[in-house]
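[1] Provide a 3D model corresponding to the input given below.
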Amino acid sequence: MMIRLIAASALVLAMTTPTVFAETLQVGAYPSNPPWEFKNEKSEFEGFEVDLVKEIAKRLGADLAISDLGFQALFAATASGRIDMAISSITITQERLQNQDFTQGYYDSDLGLLTNGEVTNLDGMKGKPVGALASSVGEKWISENTADKGFGEYKSYSDQQGLLLDTSNGRVAGAIGDILGFEYAAEQMKGIKVVERIKTGESFGIMLPKGSPNLERVNNAISEIKKDGTLAKIYEKWLKVAPVEGTSSTTVLPIPKAE
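    Okay, here's the model as predicted:
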C-alpha cells in the first residue's frame, strides 16, 4: 500500500511541476536578423546567437530544435510556454522582465540611425518619417524620444527586410534599430548606411517564460561559456573583432530581476 501511495504522489507531483526540458531544447528565432541569426542556402539557421544556443544545448546534454518565428511571435511563444527560450538580439528591459525571464546579458547593445544618405544625423530627422521593427527596442526608443527629436510619422514593420527597403527608397527617412544588424545589412545592401550611434546602456539576453525552471541552468551555461573563452571565440567569428574586457560579453553577470 505504501508503495502505491508513493507512486501516486510522484504522479501528482509530475503533473503539477513545470516542465524542464530533457532531451530537446526548443528555441524560437527570427530568421532575418544577421549576423545574430539567419538561414543559409540549405535553410539551416546560422549566426552568433545560433552558435551560442548550440553551445548551451551541448553543455546541458540536450538536443536543439530551432523554430522559425516572427519577432513579435517570439514573445507570445515564450509567454505560452510553446518554446523553452527565444533568441534574436532581444534587449533586456524592465518592461519585458515583468512578463518574461531573461538570462544575463552577453552583448552590450546600442541602437543606430540607418538612412539612405539624404539624412546624416538625428537632427536631420525632424518632421520626417521614421521606422522600426515592431515590438523592438528601436520602436520603444522612438516612442520615448519623438517629442524631443521631432520625428514625423512613425511606421512599424513586421519584418526587417521591409524596413531596410523602405529606408533605401526613402519611404522612411530613417530607421532606428540594432546598430550591428544595421551595419551588417549596409554591407550587403547598397544605398543604406548607419549615420549615428545611439547609446542605450542595455544588453541582449536569452528570453524564457516567466518562472521557467530552466533559467538558472541556462544562465549557468552562459557563465561557463564566458569563463572558458568560448563566447569570445563566437564573438570574433561573427563580429570580426575581440570583445572588450569589462563588457557583458566577457563578464559573468547575475540573472536580471524585475523591479
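
[2] and the nearest residue to residue 137 once chain neighbours are set aside, what does it touch?
    Closest residue to residue 137 apart from its sequence neighbours, by Cβ to Cβ, 6 or more residues apart in numbering: residue 91 at 4.3 Å. Every residue, glycine included, has its C-beta placed from N, CA and C. Residues near residue 91 by Cβ atoms under 8 Å, 6 or more residues apart in numbering: 109, 137, 200, 202-205.

[3] which of the residues you listed fall in helices?
    Among the contacts of residue 91, the ones falling in helices (DSSP state H) are residue 137.

[4] so which of the contacts of residue 91 belong to strands?
    Taking DSSP state E, the ones among the contacts of residue 91 that sit in strands are 109, 200, 202-204.

[5] residue 196 contacts residue 114, correct?
    No - the criterion here is Cβ atoms under 8 Å, and residue 196 misses it with residue 114 at 9.3 Å.

[6] who has more neighbours, the two?
    Remark: of residue 196 and residue 114, residue 114 carries more neighbours, 29 against 19, as counted by other Cβ atoms under 10 Å.

[7] show me the helices in the stretch 1-150 of the chain, by range?
    Under the criterion DSSP state H, counting those that start in this stretch, the stretch 1-150 of the chain carries helices at the ranges 2-16, 48-60, 71-79, 94-97, 137-149.

[8] the second one: how far from the chain's middle?
    Read that as helix 48-60. Taking Cα atoms, centre = their mean, to the nearest Å, the mean C-alpha location of helix 48-60 is offset from the chain mean by 14 Å.

[9] do stretch 28-42 as well
    Distance of stretch 28-42 from the chain centroid (Cα atoms, centre = their mean) equals 12 Å.

[10] all strands of this protein, in order?
    With DSSP E, the ranges of strands along the chain come out as 24-29, 32-33, 37-39, 45-46, 63-68, 85-87, 100-102, 107-115, 130-133, 154-157, 174-178, 193-204, 207-209.

[11] quick one: mean pLDDT for the second one?
    The one in question is strand 32-33. The pLDDT scores in strand 32-33 average 92.

[12] could you do the fourth one as well?
    Averaged across strand 45-46, pLDDT comes to 98.

[13] packing partners of that strand?
    Counting contacts by 3 or more Cβ pairs under 8 Å, 6 or more residues apart in numbering; DSSP states H and E, strand 45-46 is packed against strand 37-39.
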